[in-house]
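Undergrad: take a look and give me a structure for this.
(3 chains)
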Amino acid sequence: MTLNDFANLSVVLTGYPLSTILPQLDTQHQAQEFLDFLQTPGNVPAGELDNLAAAWQKAAGSGDPVQGVKTYIMADATLARLAQNIIMLWYLGVWYDLGAPLATGSYPTQVISGKAYKNGLAWGTMGAHPMGYSEENFGYWNTVPPSLNPQPSN
Amino acid sequence: MSTTQKYDAIIVGGGWAGSTIAWKLGMAGKKVLILEAGIPFQSDNREEFVETFFMATAKTPEAPYSQNYNAPRPSVLDIKQISNPPAPPPDCGNPIVSIDKGGYFIQQGPMPFGSTYERLAGGTSWHWLGTCLRLMPNDLKLYSTYGVGVDWPMTYDDLSPYYDEAEFEIGVSADVDEQMIHGITFSPDYIYPMQRIPPSVLDQVLTEGLKDIVIDSNPLTVTGTPAGRNGVSNIMNDGTVYNNGRRLCQGNTNCTPICPIQAKYDATITLNKALQTGNVDILYQTVASNILIDTASGEVTGIEYKQYQTKNGPQTGAGTATGSRYIIAAHAIEAAKLLLMSNSQLEAGIANISGQVGRNLMDHPVNLSWGSMPDPVYPFRGPLSTSGIETTRDGSFRNTRAAYRIEIGNEGWNWPAGSPYTQLQGYVGEQGLFGQDLINQIQHDFVRQFRLGYLIEQLPEETNYIVPSTTCKDNLGIPRPEIHYNLDEYTRAGFQAAEEASVTIFGAVNAIPSTANRAATGGEFTYQNETYYSSGAGHVMGTHRMGDDKDTSVTDANMKSWDHNNLYIVGCGSFPTSATANPTLTMMALAFKASDAIIADLNK
Amino acid sequence: MPQPDGKTGSDSPADSSKTVQTTLRDSLPYNVSIAKTDSVLDTQIRREFDKFSWQSFIALNWPTDSAQTIGQHGDNNTVWETWKENYQVFLPDGGKPEPWDTAKQGRQKLLVQVGKTPTVLTDVTQPFLTGPLIDQNGQYTRFQIVMNKEMFDYIDTNTLYNYQGQLNFKKAIDFPGGDNPTKAYGAIMVKASWKIMGKGDDPARFHTAKATIHVPAIAQRHIKDTTFQAVVGLVGFHIGTKSKTNPQWIWSTFEQVDNCPTFGEPDNGHYNFYDKSATGRKVNNKPDEPWDPNRPGQTPSQIVRYTPVFSGTKLLTDSIHKLFTAVNPKSVWQYYELVGTQWPVHASQLPAGDPFPVFMANATLESYIQGTVKDGKVVYTQGVTSSCIGCHNGATTLGGRTSDFTYLLRTAAAVKPPKK
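TA: Below is the predicted model of the structure:
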């Protein structure tokens, strides 16, 4: 799977724009770190990532990528499971055992890195920040956050 | 740093109480040696700990502080319901395996003891929340006022100047005006070093929503929680602007288990001051293993210790520390354990003629209530807690049921229900949400999450106790703590009252309660046919309590042992009753009180 | 003033990534210049910021006698040493500072602590009390902070030099930002670290100055009041520039070339803060307490730079050094290197603006928070390991409001109420 394919698929899976997933001026290289992780032997069963890449090609070419993901990826149990893990990579920086379903009772098997944790999208989505990493200033919590939407990069 | 030198004082424990006493004694020109069981205070501590925390899959209070098999600490992950009879601890013959599998504690029940602590330079202060509440006058006379528990051998007024001293050293942010609850008074013209930490959005919603609610004659008044974290400086009475040189809180929402920027006080600050006096030496990775006495005079003559180089490696050294005075400041369970295991000369252990060492173990069992507000309150912003309800901590009901304080949590359902991981796993895995649908769900649900924690009083009971295990040891061959623990009717009735209060509170603000995804069930119990769940607050008290009667207490009001004239035992273990305030501030006040007594004693 | 070469290579934006700085100028740049063709972050854009850093360094260290060229006589007095020091702006009684007067400044270097009765020697302790830095002769490194007129004027005009003034100031603190089109300078603050010239030091490799070293008494710690004269050499140099296009400021940091080895690279030779034979010393760890500058026989710090200087930055530095030595082969300025420049890549991503490089440290000024080593590799901890913008982002006034990336405002005292 190429970096661009992974990034574009991640845009659809996360709902965040490309400027967040793979910015032109990139200080984090987060997409590359996740792709490297997926491509490291042993993390994803052989061939599954290629299958996902192929399914993404179909979804992307279908004219409606969101519906395409539903049709070509989420409708297939194995591909859906892998896609779910990719969402959790982006949202919380954690990985789960692909061999078990993802559910409220699940438990992460590992955190990818401190950087991936810090870049977790879940927190900003609710107007917050990862526990243990805040760029905000004193007293910010006294008022409601200015916005919740995915913040567009310039 | 030679141990053949005789010091004025040997202190076991380089944590909060130990650092405080070392600093005071060092400033008074006394020569001190600290024996610290854990790893040193060094420049890369915070980077290493925060990195360990980031990489931890379970973000518990101890997550940043990797297990040290030579000075092991408990973990909340090991708290389980205990069968009757309790299952034997696994693999005791292999300490590392055994501690990893079953936890450090040997829990004998009936209920598991729910709280943990750390063992390293700076102690448990690394992971404390930051709450700095004073006790209320009635907290120190529970027995005379309500006929339950015991009285402290001192009054609130005795403690008050020491509270001042502790609040200044820590650097507490609070407003005096709203802290005079249930009889709490302050010195004339008292100013906290810094102003109250600004309230969160949730605090403000609850303040408004609960303003007309009264429970058991107490209005539910939301007040700022005094906190040992940096806020806006006040001008002190001498005209100077308070400035401890550290940054202001940036709301990392991570106080427990670690503040990444040290806006929150931790005891390495006072430890550093102690070392700066030039009169304090410290040996790290040095575990006290036996207290020696002169059987004729009863005086302590030395403390034996074992040393190691790595957290899972063998013992690499040993020695004996000698001084004029000995101070045990090893945290409530470890202090009691050390006293009891030092039984080669006195069968009942050191300082234990009363038989109370290790007994009267108390926690603040916590009842967690969580749910969803009708309108967003935006959790995961700000310190973990900025306000609470303190008016519920006293009242005539204390003659029949435990009091509680209500801690308002800013971290959504993180503590009770593993948020955001648990719920997100459900949205993505079970509901199949992705993209904008997922964002919408997060922005609907998570922003409404809130939780309350009721810290419930626990009475001193002889049947709640710790003893050194006779079968299971740590990697240095030192006994692990064996704990016998339960919640009595008084506390269980407190849980019932807390749940009733939740119904009232949630109703008043139109919040929808939840019990979904409960993360911890180890503290499950039944009371009057209802099931409750107790979590530990991280408060460990009572195991070497003060008193004015040597037959029923371990130390006098200056924390001096009744049995050994040159031995002091300091820490939350000194508390005769638990009350409902987080114990840290009172513990430090007592450490200052003990310091005065020790210095006076040395100067005699 | 004389220029070694006629070319003004840095003025052709079309191929700015390829041109090499060919002139030494005493003119301080207002702001960074980014060409439209600069699109690669690591190389092209970084180079513009590195050039800005060097241009600033050169102008700030230019001789006060502008007829001279920097390094013309080996060493020289500098422009930045005529700027006001922090303790001259934030007075112990919160009073109004004296007016800006560069003629008065620079006559005497007084390395002294800030504040009346500190419990910490603030001029020898790195930020947030992390510890002093001790050289091979057991001497403490001293720190000094100055600001330019633009920064001073903003503080002076808005009465930000005392507690009451800061609490009364209801607007957002917003120092002027350097701007090229309007040729306006922004606020600039400089933090310098100095070591006392002693055994093993070759003063010809340092910019030096005569200083009065004052160690105030701290009775509780048996620290005696001491004053002595010494020749000090510059070992570290931070420049913080407020910029209109980079409102999170541009952070430039320089070191004397002998400070310390780089992690993973050869460590032979003489260093200011490293001794290869001292294998027992823990690297990048605070000195043993107590920290008393007068206490003889203290163990020197063992410092290693954990992050190598970027290759492009090194190449630029090499080219600048050639300009220095062309003026005078004995120019002391050839012994200073640019460690790096940090800036906000996406300034509108508030509040921190997505800084790059993500982590940055000066081995003499942030010695102890450069990262940790695990399994032979350097690990950087988000939010804890040194980052100029990451840390300064949290700076506040005494009233708890954001202070626009400077911690200086927090050093202000309160005006005492009038006696009744």
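
Undergrad: give me the most central residue, chain A.
TA: A:Trp90 (2.8 Å; C-alpha atoms, centre = their mean).

Undergrad: what strand or helix carries it?
TA: helix A:77-92 (DSSP states H and E).

Undergrad: contacts for stretch B:297-314?
TA: Stretch B:297-314 is contacted from outside by B:10, B:12, B:35, B:39, B:66-70, B:96, B:283, B:285-294, B:315-322, B:326, B:350, B:475-478, B:563-567, using C-beta atoms under 8 Å, 6 or more residues apart in numbering or on different chains. Bear in mind the C-beta positions are built from the backbone N, C-alpha and C, glycine included.

Undergrad: end to end on it, go ahead and measure it.
TA: Start and end residues of stretch B:297-314 are separated by 36 Å (C-alpha to C-alpha, to the nearest Å).

Undergrad: same check, this time on stretch B:427-435
TA: Across stretch B:427-435, the terminal residues are separated by 11 Å (C-alpha to C-alpha).

Undergrad: again, but for stretch C:343-361
TA: 13 Å.

Undergrad: ok, now stretch C:300-314?
TA: So stretch C:300-314: terminal residues 28 Å apart, C-alpha to C-alpha.

Undergrad: how far does it sit from its chain's centre?
TA: 16 Å (C-alpha atoms, centre = their mean, to the nearest Å).

Undergrad: please apply the same query to stretch B:49-59.
TA: 21 Å.

Undergrad: now do stretch B:515-533
TA: Using C-alpha atoms, centre = their mean, the offset of stretch B:515-533 from its chain centre is 23 Å.

Undergrad: related to what we said a few turns ago, quick check: ChimeraX command selecting the buried ones in the contacts of stretch B:297-314.
TA: ChimeraX command restricting the contacts of stretch B:297-314 to the buried ones, with burial defined by 16 or more other C-beta atoms under 10 Å in any protein chain shown:
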select /B:10,12,35,39,67,68,69,70,96,283,285,286,287,288,289,290,291,292,293,315,319,321,322,326,350,475,476,478,563,564,566,567
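
Undergrad: if we can go back for a sec, buried sites along the helix holding A:Trp90?
TA: Quick answer for helix A:77-92 (16+ other C-beta under 10 Å): A:79-92.

Undergrad: what residues does the stretch 301-420 of chain C have near chain A?
TA: Within the stretch 301-420 of chain C, the residues that sit near chain A (C-beta under 8 Å from any C-beta of the partner chain) are C:345-349, C:351-352, C:354-358, C:380-383, C:390, C:393-394, C:396, C:400-402.

Undergrad: pull out the buried members of those residues.
TA: C:345-347, C:349, C:351-352, C:354-358, C:380-383, C:390, C:393-394, C:396, C:400-402.

Undergrad: B:Asn414 contacts A:Met131, correct?
TA: Yes - in this structure, B:Asn414 is within contact of A:Met131 by C-beta atoms under 8 Å, at 7.2 Å.

Undergrad: shared neighbours of the two, anything?
TA: B:Phe380.

Undergrad: residues touching stretch A:4-12, excluding its own?
TA: Residues contacting stretch A:4-12 (C-beta under 8 Å, 6+ apart): A:16-18, A:21-22, A:31, A:34-35, A:38, A:52-53, A:56-57, A:59-60, A:65-66, A:69, A:83, A:86, A:90, B:434-435.

Undergrad: if you set the cut-off to 6 Å instead, what comes out?
TA: A:18, A:21-22, A:31, A:35, A:53, A:56, A:65-66, A:69, B:435 (C-beta atoms under 6 Å, 6 or more residues apart in numbering or on different chains).
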